[in-house]
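Participant: Have a look; sequence and predicted model below, questions after that.
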Amino acid sequence: MILDPTCGSKMFWFDKDNSNVVFGDIRKEEHILCDGRALVIRPDIQMDFTALPFIDGVFQMVVFDPPHLMNGGDKSWMVKKYGRLPKDWKMNIWVGFFECWRVLRKNGTLIFKWNETQIPVREIIEMTGPPLFGHKSGKNSKTHWLCFVKML
């Protein structure tokens, strides 16, 4: 089984109804974006990624794509789409990473996605330790996909 505890509108998923994935998010809402498209955030389970409602070691893979924005207004389409971090973002991300690690099985894979428009990815890696590998993507290479493996 796979967990995506911050699925949002499931933008990067090819199969947005994949039965092998538990889609979670703290939000459950719908919006019409500035270009008229509908943004639908409808997780299987509403959950806070800092307190995952699962026992230890239950998932083979966790895909963690937490909010990456600190700044942005309540009506901002970016905030509606991606969410916003609290002021204590470092603790929030660290606890979320710990929770994802906790529910991951031994030899399981944690895929971490981060956009460094407002917070550099090096600050995240300083908290988590180095990933096994990673990849930059996007028009300006600001989105990072990092892979960690739980060997313990």
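Facilitator: That came in fine, so what should we check first?

Participant: List the contacts of stretch 88-99.
Facilitator: Residues outside stretch 88-99 that contact it (C-beta atoms under 8 Å, 6 or more residues apart in numbering): 5-6, 49-52, 64, 66, 70, 85-86, 112, 119, 123-124, 127-128. Where C-beta positions appear, they are placed from N, C-alpha and C, glycine not excepted.

Participant: Pull out the buried residues from the lowest-mean-pLDDT helix or strand in the chain.
Facilitator: Of the helices and strands making up the chain, the lowest-confidence element is helix 77-82, at a mean of 82, by mean pLDDT, DSSP states H and E. Neighbour-count burial for helix 77-82 flags 77, 80, 81, 82 (criterion: 16 or more other C-beta atoms under 10 Å).

Participant: Nearest spatial neighbour of the residue nearest to the spatial centre of the chain, chain-adjacent residues omitted?
Facilitator: With distances taken as C-alpha atoms, centre = their mean, the chain has residue 65 as the residue nearest its mean C-alpha position (1.6 Å). Nearest non-adjacent residue to residue 65, counting by C-beta to C-beta, 6 or more residues apart in numbering: residue 113, 4.0 Å away.

Participant: on that earlier part again, which residues touch the least confident helix or strand of the chain?
Facilitator: 8, 9, 31, 33, 34, 39, 67, 68, 69, 72, 73, 115.

Participant: just stretch 139-151 next, same as before
Facilitator: Under C-beta under 8 Å, 6+ apart, the answer for stretch 139-151 is 101, 104-117, 121, 125, 128, 131-137.

Participant: just stretch 18-35 next, same as before
Facilitator: Under C-beta under 8 Å, 6+ apart, the answer for stretch 18-35 is 1-8, 10, 13, 38-49, 52, 59, 77, 80-81, 83.

Participant: Could I get the average pLDDT for that stretch?
Facilitator: Mean per-residue pLDDT for stretch 18-35: 93.

Participant: now the farthest one out in this protein, which residue is it?
Facilitator: Outermost in the chain, C-alpha atoms, centre = their mean: residue 36 at 25.0 Å.

Participant: Please give the element, helix or strand, for that one.
Facilitator: Using DSSP states H and E, residue 36 sits in no helix or strand.
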